[in-house]
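*Asks:* sharing a model that was predicted from the sequence below.
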Amino acid sequence: MALTLSGPIHHLDPLSPNLHEDAARMRAHGPIVPVELPGGVVMWAVTGDEAGRNVLKDSDRFAKSPSYWKALQNGELPKDWPLLSLAAPAGNAITVVDGPEHRKLRRPLSQALTARRVEALTPVIAALVERLLDDLERAADKAEDGVVDFRSLFAWPLPMGVIGHLLGVDEADHDELGRLYTALFDDTLGDGRDAELSLHSWLDEHVSRLEREPGDDMISAMLALPPEDRLPREDLVVTMYVVLAAGHETTTHLLVNAVRALSTRPEQRDLLLSGEVPWENLVEETMRWDSPTANFFTRFATEDIDGADVHPAAEGVRIAEGDPVFISYISMGRDPERYGPTAGAFDVRRGETHTSFGYGAHFCIGSPLARLEGRIALERIFSRRPDLEVVGDVPRSPSIVVNSHTRLDVRLRPA
């Protein structure tokens, strides 16, 4: 019997207490399965790592442009669908184009976000890490029980500070940008499109300021490129909208998830502190085991596709032209087919590669920066406070897109 979008096997709920349990249920049904999202919208979920890589590299049959999405083009989606701004973002975003158009948008970004520019951020990151750790310790000293929120005092301001420095954004604007991006990724609010448009407007004004008064930042560098390499104004604004989101949102979740994992595994913490295992391993294992991006939207079938052509275990799956497909990174990271019977175990000694930064032409261009931030921050956190302890509940953000938490309470014991 053919499996089509008409028979979803699971319902993804932004209020689900555990996205990993959802991922395991989906993965148990196969590497490509139909899933119902909030609002009754049904998509194919790619749950297996090999199938995911095959989809991600096949932009001919699985395109990024929402123009291929039949339900969207036919007006069949709820008008107030909260995930519309993520599944089909407005503008000519780098995340919704393929081929020459994608290369055209990505090339100026690559020319500005060079390895040298990223490496030059090392002292900026290190200084900000020390300042935030000082603030964290002062806050703990003032708290009656020594408990502070690691997310709000460290995990969020660090990547926002770094990406803000990179893009020439004043620290005074960080809170407003954070509020808008929080609204964008909250699946329950229903105002994602308003937040998206507000962010575009803010960034348009920001680019105008840098046109008048350029600085030593990435946007100014892109504005200074030769005319033939420069992006049109609207494309630059939309690209910066994506860069700003990817540059702070996912790194915040990486830091929170890494601290959660390591704080309960003292034997692995000791391996890192002794130098027996490099700190890079903590970043990579966290990305695999507890991916900051849970489910990434969206690709669209440009023709009818037999699931067996994507992965042998997807025999019987019939993906119709115009069907939407999303990549479940949170499922792929614990896929036993790739990582074996211990796929569900966190182990910094694993040292394996993963797909959580993407694959193919759309591989995350900011991954070197995320890795650098994660390595510097996590090494300093646990070197200064090796007995840091997570306490209480860790509430999940209401989202099926990001693997996020609204707070992370930690107790800092005397070092």
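*Replies:* In hand now; what should we look at?

*Asks:* list the buried ones in stretch 201-210?
*Replies:* 202-204, 206-207, 210 (16 or more other Cβ atoms under 10 Å). Where you see a C-beta, it was placed from the backbone N, CA and C, and this is true even at glycine.

*Asks:* no no, stretch 212-226
*Replies:* Going by neighbour count (16+ other Cβ under 10 Å), the buried part of stretch 212-226 is 217-223.

*Asks:* which one of those residues is nearest to Gly366?
*Replies:* Using Cβ to Cβ, Met218 is the member of these that lies nearest Gly366, at 10.7 Å.

*Asks:* am I right that the closest one is in contact with Leu166?
*Replies:* Yes. The pair Met218 / Leu166 is scored as a contact, 5.2 Å apart, by Cβ atoms under 8 Å.

*Asks:* return every residue with contacts to both of the two.
*Replies:* With contacts taken as Cβ atoms under 8 Å, 6 or more residues apart in numbering, the residues that reach both Met218 and Leu166 are 113, 117.

*Asks:* looking at this structure, which helix or strand is least sure?
*Replies:* Among the secondary structure pieces of the chain, namely its helices and strands, helix 174-185 has the lowest mean (mean pLDDT, DSSP states H and E), a mean of 81.

*Asks:* tabulate the CA atom coordinates of it in CSV.
*Replies:* Listed next in CSV are the C-alpha coordinates belonging to helix 174-185 (Å, rounded to 0.1, in the frame of the first residue of the first chain):
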residue,chain,number,x,y,z
HIS,A,174,19.9,43.6,21.0
ASP,A,175,16.8,43.4,23.2
GLU,A,176,14.4,44.6,20.4
LEU,A,177,15.9,42.2,17.9
GLY,A,178,15.7,39.3,20.4
ARG,A,179,12.0,40.1,21.1
LEU,A,180,11.2,40.0,17.3
TYR,A,181,13.1,36.7,16.7
THR,A,182,11.4,35.2,19.8
ALA,A,183,8.0,36.0,18.2
LEU,A,184,9.2,34.6,14.9
PHE,A,185,10.1,31.2,16.3
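
*Asks:* who's in contact with it?
*Replies:* Taking Cβ under 8 Å, 6+ apart as the criterion, the residues outside helix 174-185 that touch it are 85-86, 156-157, 160-161, 164, 169, 189, 191-192, 194-196, 198-199, 202, 244-245, 248-249, 397, 399, 401-402, 404.

*Asks:* any of those buried? List them.
*Replies:* Using 16+ other Cβ under 10 Å as the burial test, the contacts of helix 174-185 include 85-86, 156-157, 160-161, 164, 169, 192, 195-196, 198-199, 202, 244-245, 248-249, 397, 399, 401-402, 404 as buried.

*Asks:* follow-up on the earlier one: mind putting the buried residues of stretch 201-210 in TSV, distance to Ser110 and pLDDT included?
*Replies:* Rendered in TSV, the data for those read as follows (distance: Cβ to Cβ, whole Å; pLDDT from 0 to 100):
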residue	distance to Ser110	pLDDT
Trp202	25	91
Leu203	20	91
Asp204	23	92
His206	21	94
Val207	19	92
Leu210	19	93
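
*Asks:* distance-wise, check Ser328 relative to Asn403.
*Replies:* 11 Å (Cβ to Cβ, to the nearest Å).

*Asks:* of those two, who's got more company?
*Replies:* When neighbours are counted by other Cβ atoms under 10 Å, Ser328 comes out ahead of the other of Ser328 and Asn403, with 28 against 25.

*Asks:* that one bridge partners, please.
*Replies:* Using DSSP bridges, the beta-bridge partners of Ser328 come out as Asn295.

*Asks:* numbering from 600 from now on, please.
*Replies:* Yep, numbering from 600; the last one is Ser927 now.

*Asks:* mind listing what it touches?
*Replies:* Under the criterion of Cβ under 8 Å, 6+ apart, the contact list for Ser927 reads 622, 625-626, 644-646, 651, 893-894.

*Asks:* how about a cut-off of 7 Å?
*Replies:* 622, 625, 644-646, 894 (Cβ atoms under 7 Å, 6 or more residues apart in numbering).

*Asks:* same check, this time on Val947
*Replies:* For Val947, the set of contacting residues under the criterion of Cβ under 7 Å, 6+ apart consists of 867, 870-871, 876, 880-881, 884.

*Asks:* same thing with Met817?
*Replies:* Applying Cβ under 7 Å, 6+ apart, we find Met817 in contact with 711-712, 716, 765-766.

*Asks:* all helices for the stretch 900-1014 of the chain, in order.
*Replies:* With DSSP state H, counting those that start in this stretch as the definition, the stretch 900-1014 of the chain shows helices at residue ranges 928-931, 935-938, 966-983.

*Asks:* for the second one, packing partners?
*Replies:* Other helices and strands packing on helix 935-938, by 3 or more Cβ pairs under 7 Å, 6 or more residues apart in numbering; DSSP states H and E, are helix 648-655.

*Asks:* please identify the deepest-packed of the helices of the stretch 900-1014 of the chain.
*Replies:* Mean neighbour count (mean count of other Cβ atoms under 10 Å) peaks for helix 928-931 among the helices of the stretch 900-1014 of the chain, with a mean of 27.
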